[in-house]
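In: Quick check, what structure comes out for this input:
(one chain, ligands or ions: 1)
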Amino acid sequence: MKRILNLIAAALLAINVYSQSPAVFVVKANQPVAPIQPTMWGIFFEDINFAADGGIYAELVKNRSFEFYKSLMGWREDSSSRFSNNMRSGYTTIINRSKDNPSNPRFARINVLADKGYGLTNEGFRGMGLKKDMVYHFSILASQHDGSNTAVRIELKDSAGKIIGNTRINPSGKEWKKYTADIVSSATDSKGAMTVWFEGKGILDIDMVSLFPADTWKNRQGGLRADLVQLLADMKPGFVRFPGGCIVEGHELSNRYQWKKTVGNVDSRELIINRWNREFDHRPAPDYFQSFGLGFFEYFQLSEDVGAEPLPILNCGMACQFNSAELVPLDELDPYIQDALDLIEFANAGTDTKWGKLRADMGHTAPFNLKMMGVGNEQWGPQYAERYKIFAKAIHEKYPEIKLVSSVGPFAGGELFNFLDKEMRDMKADILDEHYYMPPEFFLKNAKRYDKYDRNGPKIFAGEYASHVRGTDGTQRNTWQAALSEAAFMTGLERNADVVYMCSYAPLFSHVDAWQWAPDLIWFDNLNSYGTPNYYVQKLFATNKGTHVVSISQNNEVIAGQDSIYASAAIDKSTNELVIKLVNASAVEKKTIIQLDGIKKIKQKAKLVSLTAGQLDAKNSIQSPAAVSPAETELEIKESKPLVTIAPYSLQVMRIKMN
Ligand code: AHR
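Out: Numbers count the residues shown, from 1 in each chain. Predicted coordinates:
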């Protein structure tokens, strides 16, 4: 019976496909509707899912400065530091010198009792990623006690404990000094480790025990993981929003993000707990902290490296309202506002200013050209409106050219959204930051969301969005179904480029063994990384942005879900091309004739990039990183009216050269 029903269904489908006459889509290529902002498609970076420490920040040692609340978390005594009678060849104590060094109070005192030496092994971030023939830069701060001459031997180990590289250093003298040595790994292992041996009876104080691969992005010492930055650079993002997200707000105000504590020498950046450490009971991450090796200077530099505008988001005197919801009283907001003003000085001012000088001392004499800044993250209620007002007045008085991004709450609609949307519009806010983490159906139904927005009001930043497929979790959530629904919705964002100025998928990064939140745009382990189908959708939109939106319509209506098809079109004045994006959200192939009005001549061959997958639940993985990825072909155009077949469940991007 089931077989007969299937046959009937297949026959009906076939009749439907063959009886379809192509729909006619009309593109008015000579009538630009609005410019598309260079910032249209960007990146949202937050240190969630081990995105920074254990992720893009290439440091391999976890708890390098012994500041985690359990001082030796990530470290363990090497088993051969014990004798058969269970006596130890040494021991570690933790000293707190907070008076002398409040931002890096703790260090480890290594007491070596026996000549055979005493070893501490660091496990890395769910293992250490080590590559064959790669050079690793080891460094340590050390101070030798009077009469002691303890040497340091460093071993890289594979996951079976086999030594795959080693080196040694000989610290001398009582004053703290930095010692460095290089090690070459003789094997590849994504779950390696490092043992530091202390040899020769005596006492050695150590701090900032660090190991970086040499192949960081732009080969910067102590820099970022090159494969992960490359994935970002390939997207050609218009902006980088940092450092989040709820991390800006903190669980409590005491662990909010404070940019001033993330700049200057890395060993004086005060480590704090990561607010995602204890957010979700089902995904505990007790070893999740923020070392701030990736701090605000590095965020600005990253933005510059990938050709994007920097968009820092600052705390506005409010802790996360889903957590403690602590508020700073209105008459105590000054230090928070000063942080915002000083950040503009850090980014833009001359080197004759306090903060401009720090930027130059850190290696960037030229300004970073900061143009916009976010006041608070996902805040809601009158308490936000009154704080935003004070911030906006102070910032705009001193820096009228800086555009401010303001919150309209955590949801796409409802009471919280409506309240702030009105308040912010009444205050003539510059840019409203909308967030929506919703199921695929929401994205398919809401492609017209911005069609009716006030063209004279604030501009829109779709600052955090992602399609969440129910009943899935972890890497399994980044399905083609989710990505396709985002693509459909994004045609609506692009069509409304006169009001939507910026958009970013969220969150950006996730460690396959250490995530808290899914789906995410890019997944990685300690050695490899891959873009999800959602990544390829973002990349296709961003790299085929065009400079001006033009209209594409069917029967004089925008194409936003009729017959499951979504469309947007733009021209690129810099390359003289017409760029058309078509999404087919159905299981049935669709044919359409594209009528190109207002173009006299076109090149007969167009470029067609197609992103599709056989199954809606298709996904990419570390093993198959490009299972769902774009394929490029040529499209023959006859009589200036391309006939396009839109494959089932696909995004098609067409670039037509106009003469
Ligand atoms: O992207 C993950 C979180 O979602 C962000 O930190 C927050 O802004 C939102 O609730």
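
In: which residue sits closest to the closest residue to the ligand within the chain, ignoring its sequence neighbours?
Out: Relative to the ligand, the nearest point of the chain is residue 245 (3.1 Å; Cβ to the nearest ligand atom). Where you see a C-beta, it was placed from the backbone N, CA and C, and this is true even at glycine. Spatial nearest neighbour of residue 245, chain neighbours left out: residue 46 (3.3 Å); criterion: Cβ to Cβ, 6 or more residues apart in numbering.

In: I'd like the distance between that neighbour and residue 228.
Out: As judged by Cβ to Cβ, to the nearest Å, residue 46 and residue 228 stand 14 Å apart.

In: Settle it for me: which of those two has more neighbours?
Out: residue 46 (25 against 20; other Cβ atoms under 10 Å).

In: Over to the more buried one. Which of the three states is it?
Out: Classification of residue 46 using DSSP: H, G, I helix; E, B strand; the rest coil returns coil.

In: residue contacts, it?
Out: Counting by Cβ atoms under 8 Å, 6 or more residues apart in numbering, residue 46 touches 242-247, 506-508.

In: if we go to 6 Å?
Out: Residues in contact with residue 46 (Cβ atoms under 6 Å, 6 or more residues apart in numbering) are 244-245, 247, 507.

In: next one: residue 262
Out: So residue 262 contacts 269, 292, 295-296 (Cβ under 6 Å, 6+ apart).

In: Go through these and flag which are in helices.
Out: residue 296 (DSSP state H).

In: who wins for most neighbours among the contacts of residue 262?
Out: In these, the most neighbours by other Cβ under 10 Å go to residue 292, 27 neighbours.

In: Help me confirm that that one comes into contact with residue 268.
Out: No. Using Cβ atoms under 6 Å, residue 292 is not in contact with residue 268, being 10.0 Å away.

In: measure stretch 173-193 end to end?
Out: 29 Å (Cα to Cα, to the nearest Å).

In: before we move on, what about stretch 544-561?
Out: 21 Å.

In: List of residues touching it?
Out: 23, 25-29, 32-36, 40, 447-448, 492, 497, 565-567, 569-573, 579, 653.

In: ok, back up a step: farthest-separated two in the contacts of residue 46?
Out: Greatest spatial distance among the contacts of residue 46 (Cβ to Cβ): 247 and 507, at 10.3 Å.

In: Give me the neighbour count for residue 573.
Out: Neighbours of residue 573 (other Cβ under 10 Å): 12.

In: Name the nearest residue to it, sequence neighbours excluded.
Out: Leaving out its chain neighbours, residue 573 is closest to residue 547 (Cβ to Cβ, 6+ apart), at 4.6 Å.

In: Now do the same for that neighbour: its pLDDT.
Out: On pLDDT, residue 547 comes in at 98.

In: Pull the number of nearby residues for it.
Out: 18.

In: And it, how close does it get to residue 356?
Out: Distance, residue 547 to residue 356, by Cβ to Cβ: 33 Å.

In: Scan the helices and strands of the protein for the one with the lowest mean pLDDT.
Out: Ranked by mean pLDDT, DSSP states H and E, the weakest helix or strand in the chain is helix 2-19, scoring a mean of 45.

In: Skip ahead from that one and say which helix or strand is next.
Out: Counting by DSSP states H and E, the next helix or strand C-terminal to helix 2-19 is strand 23-28.

In: strands paired with the helix or strand just after that next one, and their directions?
Out: On the C-terminal side of strand 23-28, the nearest following helix or strand under DSSP H and E is strand 34-35. Strand 34-35 has the following sheet partners, assigned by DSSP bridges: strand 548-554 (antiparallel).

In: surely residue 333 meets residue 317?
Out: Yes. If you go by Cβ under 6 Å, residue 333 and residue 317 touch, sitting 5.0 Å apart.

In: Neighbour count for these two, which is higher?
Out: residue 317 (27 against 18).

In: ok, the more buried one touching residue 388?
Out: No. Using Cβ under 6 Å, residue 317 is not in contact with residue 388; the gap is 10.1 Å.

In: neighbouring contacts of stretch 454-470?
Out: In contact with stretch 454-470 (Cβ under 6 Å, 6+ apart) are residues 44, 405, 425, 429, 431-437, 439-440, 443, 477, 479, 481-482, 485-486, 499-506, 519.

In: Filtering these by proximity to the ligand, which remain?
Out: For the ligand, the contacts drawn from the contacts of stretch 454-470 by Cβ under 6 Å from any ligand atom are residue 506.

In: Among the contacts of stretch 454-470, name the buried ones.
Out: Buried by 16 or more other Cβ atoms under 10 Å: 44, 405, 429, 431-437, 440, 443, 477, 479, 481-482, 485-486, 499-506, 519, out of those.

In: quick one: which of these sit in helices?
Out: Using DSSP H, the buried ones among the contacts of stretch 454-470 in helices are 440, 443, 481-482, 485-486.

In: how many neighbours does the residue nearest to residue 189 when sequence neighbours are not counted have?
Out: Leaving aside its chain neighbours, residue 189 sits nearest to residue 158 (4.2 Å; criterion: Cβ to Cβ, 6+ apart). Per other Cβ under 10 Å, the neighbour tally for residue 158 reads 20.

In: that older thread, okay if I get the contacts of residue 262 as JSON lines plus distance to the ligand and pLDDT?
Out: What follows is these, written out as JSON lines (distance: Cβ to the nearest ligand atom, whole Å; pLDDT from 0 to 100):
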{"residue": "269", "distance to the ligand": "21", "pLDDT": "98"}
{"residue": "292", "distance to the ligand": "17", "pLDDT": "98"}
{"residue": "295", "distance to the ligand": "18", "pLDDT": "98"}
{"residue": "296", "distance to the ligand": "18", "pLDDT": "98"}
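
In: Checking my notes, residue 346 in a helix, right?
Out: Yes. Per three-state DSSP, residue 346 lies within a helix segment.

In: I'd say it and residue 353 touch.
Out: No. Residue 346 is beyond contact range of residue 353, at 8.7 Å (criterion: Cβ under 6 Å).

In: With neighbour numbers in mind, choose between the two.
Out: Looking at residue 346 and residue 353 with other Cβ under 10 Å, you find the greater number of neighbours at residue 346, namely 28 against 15.

In: can you tell me how far the more buried one sits from residue 359?
Out: 6 Å.

In: thinking again about what came up before, return the members of the contacts of stretch 544-561 classed as buried.
Out: Here, 16+ other Cβ under 10 Å leaves 23, 25-29, 32-34, 36, 40, 447, 492, 497, 565-567, 569-572, 579, 653 buried among the contacts of stretch 544-561.

In: Up against the ligand, what does the stretch 201-350 of the chain have?
Out: 244-246.

In: One more pass at 5 Å, please.
Out: 245-246 (Cβ under 5 Å from any ligand atom).

In: again, but for the stretch 451-600 of the chain
Out: 506-507.

In: Poorly predicted segments of the stretch 451-600 of the chain, please.
Out: Scanning the stretch 451-600 of the chain for pLDDT under 70 picks out nothing.

In: What's the first helix or strand after the helix or strand hosting residue 571?
Out: Element membership of residue 571, judged by DSSP H and E, is strand 565-572. Using DSSP H and E, the helix or strand that follows strand 565-572 towards the C-terminus is strand 577-584.
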